[in-house]
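Quick one: sequence and predicted model below, then my questions.
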Amino acid sequence: MVSTLLRLGATAAFALASASAHAACTPAIADSDLIAPGKLQLSINPTNPPQQFVDKDGQLQGLNVELAAELGKRLCLPVELVRMDFPAMIPAMNAGRIDGIDTGMFWTEERSKLMYMVPYAIQAISVVVAPDSGIKIATENDLIGKTSAVEVSTYQMNWLKKLSDTSVAKGGAAVEMRTFPTATNVVSALLAGQVDNALLVDSVARDLTGRGRVKEVLSGLGTARTTLGFRNKAVVDAVVKALNAMRADGFYQALFDKFGLTAMPADQPLAIAGPGPA
(Lines give C-alpha, C1' and ligand atoms only; values in the text may rest on other atoms or scores of the structure.)
Protein backbone atom coordinates (compact mmCIF):
# COMPACT_ATOMS: atom_id res chain seq x y z
CA MET A 1 0.00 0.00 0.00
CA VAL A 2 1.15 3.52 -0.74
CA SER A 3 1.51 5.86 2.23
CA THR A 4 1.57 9.64 2.15
CA LEU A 5 4.90 11.04 3.31
CA LEU A 6 4.81 14.70 2.47
CA ARG A 7 2.31 17.28 1.33
CA LEU A 8 3.49 20.68 0.12
CA GLY A 9 0.67 22.71 -1.38
CA ALA A 10 -0.33 20.92 -4.61
CA THR A 11 2.65 18.58 -4.44
CA ALA A 12 2.71 15.35 -2.49
CA ALA A 13 5.26 12.56 -2.23
CA PHE A 14 4.33 8.92 -1.74
CA ALA A 15 6.72 6.15 -0.72
CA LEU A 16 6.18 2.79 -2.40
CA ALA A 17 8.53 0.85 -0.13
CA SER A 18 10.51 1.51 3.01
CA ALA A 19 14.28 1.37 3.12
CA SER A 20 14.07 -1.65 5.45
CA ALA A 21 12.39 -3.64 2.68
CA HIS A 22 15.63 -3.44 0.67
CA ALA A 23 18.09 -4.01 3.50
CA ALA A 24 18.98 -7.52 2.30
CA CYS A 25 20.04 -6.52 -1.22
CA THR A 26 22.47 -4.17 -2.94
CA PRO A 27 21.01 -1.10 -4.70
CA ALA A 28 21.48 -1.12 -8.48
CA ILE A 29 22.01 2.66 -8.52
CA ALA A 30 24.72 4.46 -6.56
CA ASP A 31 23.80 7.35 -4.26
CA SER A 32 26.01 9.64 -6.34
CA ASP A 33 23.65 9.16 -9.31
CA LEU A 34 20.50 10.02 -7.34
CA ILE A 35 19.01 13.37 -6.39
CA ALA A 36 18.60 12.19 -2.81
CA PRO A 37 20.77 9.33 -1.49
CA GLY A 38 19.01 6.03 -0.94
CA LYS A 39 15.83 6.61 -2.95
CA LEU A 40 14.59 7.06 -6.50
CA GLN A 41 12.25 10.06 -6.87
CA LEU A 42 9.81 10.01 -9.80
CA SER A 43 7.09 12.52 -10.63
CA ILE A 44 3.52 11.44 -11.31
CA ASN A 45 0.25 13.20 -12.12
CA PRO A 46 -2.48 10.92 -10.73
CA THR A 47 -5.40 12.29 -12.75
CA ASN A 48 -5.28 9.76 -15.59
CA PRO A 49 -6.99 6.49 -14.70
CA PRO A 50 -6.14 3.67 -15.16
CA GLN A 51 -2.52 4.76 -15.67
CA GLN A 52 -2.41 6.61 -12.36
CA PHE A 53 -5.07 7.91 -10.01
CA VAL A 54 -5.95 8.44 -6.35
CA ASP A 55 -8.60 6.11 -4.96
CA LYS A 56 -11.35 6.96 -2.46
CA ASP A 57 -8.95 6.30 0.42
CA GLY A 58 -6.35 8.76 -0.91
CA GLN A 59 -4.01 6.01 -2.10
CA LEU A 60 -2.15 6.09 -5.40
CA GLN A 61 -3.23 3.34 -7.79
CA GLY A 62 -2.75 2.40 -11.44
CA LEU A 63 -0.36 0.81 -13.89
CA ASN A 64 2.40 3.39 -13.49
CA VAL A 65 2.19 3.16 -9.69
CA GLU A 66 2.57 -0.62 -9.74
CA LEU A 67 5.33 -0.34 -12.35
CA ALA A 68 7.25 2.04 -10.07
CA ALA A 69 6.81 -0.30 -7.11
CA GLU A 70 8.17 -3.23 -9.12
CA LEU A 71 11.10 -1.11 -10.31
CA GLY A 72 11.88 -0.39 -6.67
CA LYS A 73 11.97 -4.11 -5.86
CA ARG A 74 14.23 -4.94 -8.78
CA LEU A 75 16.54 -1.97 -8.26
CA CYS A 76 16.70 -2.70 -4.52
CA LEU A 77 15.83 0.93 -3.90
CA PRO A 78 12.85 2.72 -2.31
CA VAL A 79 10.82 4.64 -4.89
CA GLU A 80 9.15 7.92 -3.95
CA LEU A 81 6.42 9.21 -6.25
CA VAL A 82 6.22 13.00 -6.22
CA ARG A 83 2.83 14.32 -7.26
CA MET A 84 2.78 17.35 -9.57
CA ASP A 85 1.01 18.66 -12.67
CA PHE A 86 2.62 17.63 -15.95
CA PRO A 87 3.81 21.11 -17.08
CA ALA A 88 6.06 21.31 -13.99
CA MET A 89 7.72 17.92 -14.45
CA ILE A 90 10.41 18.55 -17.05
CA PRO A 91 11.52 21.83 -15.42
CA ALA A 92 11.61 20.04 -12.04
CA MET A 93 13.82 17.27 -13.42
CA ASN A 94 16.12 19.72 -15.18
CA ALA A 95 16.41 21.69 -11.93
CA GLY A 96 17.51 18.56 -10.05
CA ARG A 97 14.39 18.12 -7.93
CA ILE A 98 13.46 14.63 -9.20
CA ASP A 99 15.27 11.72 -10.82
CA GLY A 100 12.66 10.96 -13.45
CA ILE A 101 9.11 11.14 -14.79
CA ASP A 102 6.61 8.28 -14.44
CA THR A 103 3.36 9.60 -15.88
CA GLY A 104 2.89 8.05 -19.35
CA MET A 105 4.65 10.87 -21.24
CA PHE A 106 4.45 10.69 -25.03
CA TRP A 107 7.75 10.40 -26.90
CA THR A 108 8.66 13.37 -29.09
CA GLU A 109 11.94 14.19 -30.77
CA GLU A 110 12.19 17.46 -28.87
CA ARG A 111 11.71 15.79 -25.48
CA SER A 112 14.21 13.05 -26.39
CA LYS A 113 16.92 15.71 -26.49
CA LEU A 114 16.05 16.97 -23.01
CA MET A 115 16.17 13.65 -21.16
CA TYR A 116 16.72 9.91 -21.57
CA MET A 117 13.36 8.55 -22.73
CA VAL A 118 12.42 4.86 -22.51
CA PRO A 119 9.27 3.90 -24.44
CA TYR A 120 7.32 1.22 -22.58
CA ALA A 121 3.71 1.53 -23.84
CA ILE A 122 1.57 2.51 -26.83
CA GLN A 123 -1.12 5.16 -26.48
CA ALA A 124 -3.25 7.35 -28.71
CA ILE A 125 -5.66 10.28 -28.45
CA SER A 126 -9.43 10.05 -28.13
CA VAL A 127 -12.08 12.74 -28.55
CA VAL A 128 -14.96 12.71 -26.07
CA VAL A 129 -18.16 14.68 -25.63
CA ALA A 130 -20.68 14.97 -22.80
CA PRO A 131 -22.92 11.88 -22.47
CA ASP A 132 -26.02 13.77 -23.64
CA SER A 133 -24.26 15.76 -26.38
CA GLY A 134 -25.74 15.83 -29.85
CA ILE A 135 -22.55 17.13 -31.46
CA LYS A 136 -21.54 15.06 -34.48
CA ILE A 137 -17.83 14.27 -34.81
CA ALA A 138 -17.06 11.49 -37.28
CA THR A 139 -13.50 12.39 -38.34
CA GLU A 140 -10.69 14.55 -37.00
CA ASN A 141 -11.62 17.26 -39.51
CA ASP A 142 -14.94 17.67 -37.69
CA LEU A 143 -12.96 19.29 -34.86
CA ILE A 144 -12.27 22.29 -37.09
CA GLY A 145 -14.38 25.26 -36.05
CA LYS A 146 -15.34 23.69 -32.73
CA THR A 147 -14.15 24.43 -29.19
CA SER A 148 -11.90 21.73 -27.71
CA ALA A 149 -10.53 21.29 -24.19
CA VAL A 150 -7.06 19.80 -23.82
CA GLU A 151 -4.38 19.41 -21.15
CA VAL A 152 -1.69 22.08 -21.49
CA SER A 153 1.86 21.29 -22.68
CA THR A 154 0.91 17.78 -23.77
CA TYR A 155 1.28 15.63 -26.87
CA GLN A 156 -2.46 15.88 -27.47
CA MET A 157 -2.32 19.69 -27.32
CA ASN A 158 0.45 19.75 -29.91
CA TRP A 159 -1.45 17.28 -32.11
CA LEU A 160 -4.56 19.48 -31.99
CA LYS A 161 -2.56 22.64 -32.70
CA LYS A 162 -1.02 21.00 -35.78
CA LEU A 163 -4.48 20.01 -37.02
CA SER A 164 -5.73 23.58 -36.51
CA ASP A 165 -2.67 25.19 -38.11
CA THR A 166 -2.95 22.94 -41.15
CA SER A 167 -6.58 23.96 -41.62
CA VAL A 168 -5.77 27.65 -41.32
CA ALA A 169 -2.87 27.34 -43.78
CA LYS A 170 -5.34 25.95 -46.33
CA GLY A 171 -7.73 28.85 -45.78
CA GLY A 172 -10.03 27.00 -43.40
CA ALA A 173 -11.21 27.66 -39.87
CA ALA A 174 -9.18 27.04 -36.73
CA VAL A 175 -9.90 24.92 -33.70
CA GLU A 176 -10.73 27.05 -30.67
CA MET A 177 -8.46 25.36 -28.16
CA ARG A 178 -8.85 25.87 -24.41
CA THR A 179 -6.08 24.46 -22.24
CA PHE A 180 -6.24 23.22 -18.64
CA PRO A 181 -3.59 21.98 -16.17
CA THR A 182 -4.94 18.44 -15.71
CA ALA A 183 -7.19 15.89 -17.39
CA THR A 184 -9.59 16.30 -14.47
CA ASN A 185 -9.94 20.00 -15.31
CA VAL A 186 -10.43 19.14 -18.98
CA VAL A 187 -13.33 16.82 -18.20
CA SER A 188 -14.85 19.30 -15.76
CA ALA A 189 -14.87 22.00 -18.45
CA LEU A 190 -16.51 19.59 -20.89
CA LEU A 191 -19.25 18.56 -18.46
CA ALA A 192 -19.86 22.20 -17.51
CA GLY A 193 -20.62 22.99 -21.15
CA GLN A 194 -17.61 25.28 -21.59
CA VAL A 195 -16.39 23.39 -24.68
CA ASP A 196 -17.82 21.20 -27.43
CA ASN A 197 -15.42 18.32 -26.94
CA ALA A 198 -12.28 17.23 -25.13
CA LEU A 199 -9.10 15.42 -26.14
CA LEU A 200 -7.82 12.77 -23.74
CA VAL A 201 -5.31 9.95 -23.75
CA ASP A 202 -7.24 6.95 -25.03
CA SER A 203 -6.93 4.87 -21.85
CA VAL A 204 -8.37 7.74 -19.81
CA ALA A 205 -11.19 8.20 -22.31
CA ARG A 206 -12.07 4.48 -22.15
CA ASP A 207 -12.09 4.54 -18.36
CA LEU A 208 -14.41 7.57 -18.23
CA THR A 209 -16.63 6.17 -20.99
CA GLY A 210 -16.95 2.91 -19.09
CA ARG A 211 -18.15 4.82 -16.05
CA GLY A 212 -20.67 6.79 -18.09
CA ARG A 213 -19.03 10.15 -17.51
CA VAL A 214 -18.29 10.93 -21.18
CA LYS A 215 -19.04 9.58 -24.65
CA GLU A 216 -16.12 8.65 -26.90
CA VAL A 217 -16.64 9.74 -30.51
CA LEU A 218 -13.14 9.32 -31.99
CA SER A 219 -10.17 7.17 -30.97
CA GLY A 220 -6.79 6.03 -32.23
CA LEU A 221 -5.60 9.50 -33.22
CA GLY A 222 -1.86 10.24 -33.23
CA THR A 223 -0.83 6.78 -32.01
CA ALA A 224 2.62 6.98 -30.41
CA ARG A 225 4.90 5.53 -27.75
CA THR A 226 4.67 6.65 -24.13
CA THR A 227 7.76 6.75 -21.99
CA LEU A 228 9.57 6.99 -18.71
CA GLY A 229 12.03 9.90 -18.63
CA PHE A 230 15.30 10.29 -16.68
CA ARG A 231 18.08 12.82 -16.23
CA ASN A 232 20.98 10.48 -15.40
CA LYS A 233 22.47 7.81 -17.69
CA ALA A 234 23.36 5.39 -14.89
CA VAL A 235 19.80 5.59 -13.57
CA VAL A 236 18.18 4.97 -16.94
CA ASP A 237 20.54 2.07 -17.71
CA ALA A 238 19.50 0.38 -14.46
CA VAL A 239 15.81 0.98 -15.18
CA VAL A 240 16.11 -0.41 -18.73
CA LYS A 241 17.75 -3.57 -17.35
CA ALA A 242 14.93 -3.98 -14.82
CA LEU A 243 12.22 -3.41 -17.45
CA ASN A 244 13.69 -6.06 -19.71
CA ALA A 245 13.84 -8.49 -16.80
CA MET A 246 10.12 -7.79 -16.20
CA ARG A 247 9.40 -8.55 -19.85
CA ALA A 248 11.43 -11.76 -19.72
CA ASP A 249 9.66 -13.19 -16.66
CA GLY A 250 6.15 -12.11 -17.69
CA PHE A 251 5.50 -9.39 -15.11
CA TYR A 252 5.49 -6.64 -17.74
CA GLN A 253 2.80 -8.15 -19.99
CA ALA A 254 0.71 -9.27 -17.02
CA LEU A 255 0.70 -5.71 -15.68
CA PHE A 256 -0.57 -4.30 -18.98
CA ASP A 257 -3.18 -7.04 -19.25
CA LYS A 258 -4.40 -6.23 -15.73
CA PHE A 259 -5.09 -2.61 -16.62
CA GLY A 260 -6.18 -3.16 -20.23
CA LEU A 261 -3.40 -1.04 -21.70
CA THR A 262 -1.16 -1.68 -24.71
CA ALA A 263 2.39 -2.85 -24.06
CA MET A 264 5.26 -2.30 -26.46
CA PRO A 265 5.22 -4.93 -29.24
CA ALA A 266 7.53 -7.85 -28.53
CA ASP A 267 9.71 -6.99 -31.53
CA GLN A 268 10.38 -3.47 -30.23
CA PRO A 269 13.06 -3.08 -27.55
CA LEU A 270 12.61 -1.57 -24.12
CA ALA A 271 15.53 0.82 -24.54
CA ILE A 272 16.48 4.49 -24.69
CA ALA A 273 14.96 6.18 -27.74
CA GLY A 274 16.67 9.35 -28.89
CA PRO A 275 19.98 11.06 -28.12
CA GLY A 276 19.30 12.09 -24.54
CA PRO A 277 20.43 15.38 -22.97
CA ALA A 278 23.44 17.13 -24.45
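Nice, thanks for sending it over. Numbers count the residues shown, from 1 in each chain.

switch to C-alpha atoms for all contacts and neighbour counts from now on
Noted.

Contact partners for the residue sitting nearest the centre point of the chain?
Centroid-nearest residue in the chain: residue 104, 2.2 Å away (criterion: C-alpha atoms, centre = their mean). By C-alpha atoms under 8 Å, 6 or more residues apart in numbering, the residues touching residue 104 are 51, 64, 121, 226, 227, 228.

Among the residues you listed, which one lies nearest to residue 30?
residue 228 (19.6 Å; C-alpha to C-alpha).

Which SSE is immediately downstream of the helix or strand containing the closest one?
Secondary-structure assignment from DSSP states H and E places residue 228 in strand 215-230. As assigned by DSSP H and E, the chain's next helix or strand after strand 215-230 is helix 233-249.

could you check the angle strand 215-230 makes with that next one?
Angle, helix 233-249 to strand 215-230, by axes from the mean of the first three to the mean of the last three C-alpha atoms, to 10 degrees: 120 degrees.

In helix 233-249, which residues are buried?
Buried residues in helix 233-249, counted by 16 or more other C-alpha atoms under 10 Å: 235, 236, 237, 238, 239, 240, 241, 242, 243, 244, 246, 247.

what's that helix in contact with?
Contacts with helix 233-249, where a contact means C-alpha under 8 Å, 6+ apart, come from 28-29, 33-34, 71, 74-75, 116, 118, 230, 252-253, 270-272.

what do you get for stretch 255-271?
By C-alpha under 8 Å, 6+ apart, the surrounding residues in contact with stretch 255-271 are 50-51, 62-63, 67, 118-123, 203, 225, 240, 243-244, 252-253.

Low-confidence bits of the stretch 1-150 of the chain, can you list those?
Across the stretch 1-150 of the chain, the ranges flagged by pLDDT under 70 are 1-15, 17-23.

how about the strands of it, start to end?
With strands called from DSSP state E, counting those that start in this stretch, the stretch 1-150 of the chain shows them at 3-8, 11-15, 40-44, 47-48, 52-54, 60-61, 79-83, 100-106, 116-129, 147-151.

how about JSON lines for these, with distance to residue 198 added?
Output for the strands of the stretch 1-150 of the chain, formatted as JSON lines (distance: least, C-alpha to C-alpha, whole Å):
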{"stretch": "strand 3-8", "distance to residue 198": "30"}
{"stretch": "strand 11-15", "distance to residue 198": "26"}
{"stretch": "strand 40-44", "distance to residue 198": "22"}
{"stretch": "strand 47-48", "distance to residue 198": "14"}
{"stretch": "strand 52-54", "distance to residue 198": "19"}
{"stretch": "strand 60-61", "distance to residue 198": "24"}
{"stretch": "strand 79-83", "distance to residue 198": "24"}
{"stretch": "strand 100-106", "distance to residue 198": "18"}
{"stretch": "strand 116-129", "distance to residue 198": "5"}
{"stretch": "strand 147-151", "distance to residue 198": "5"}
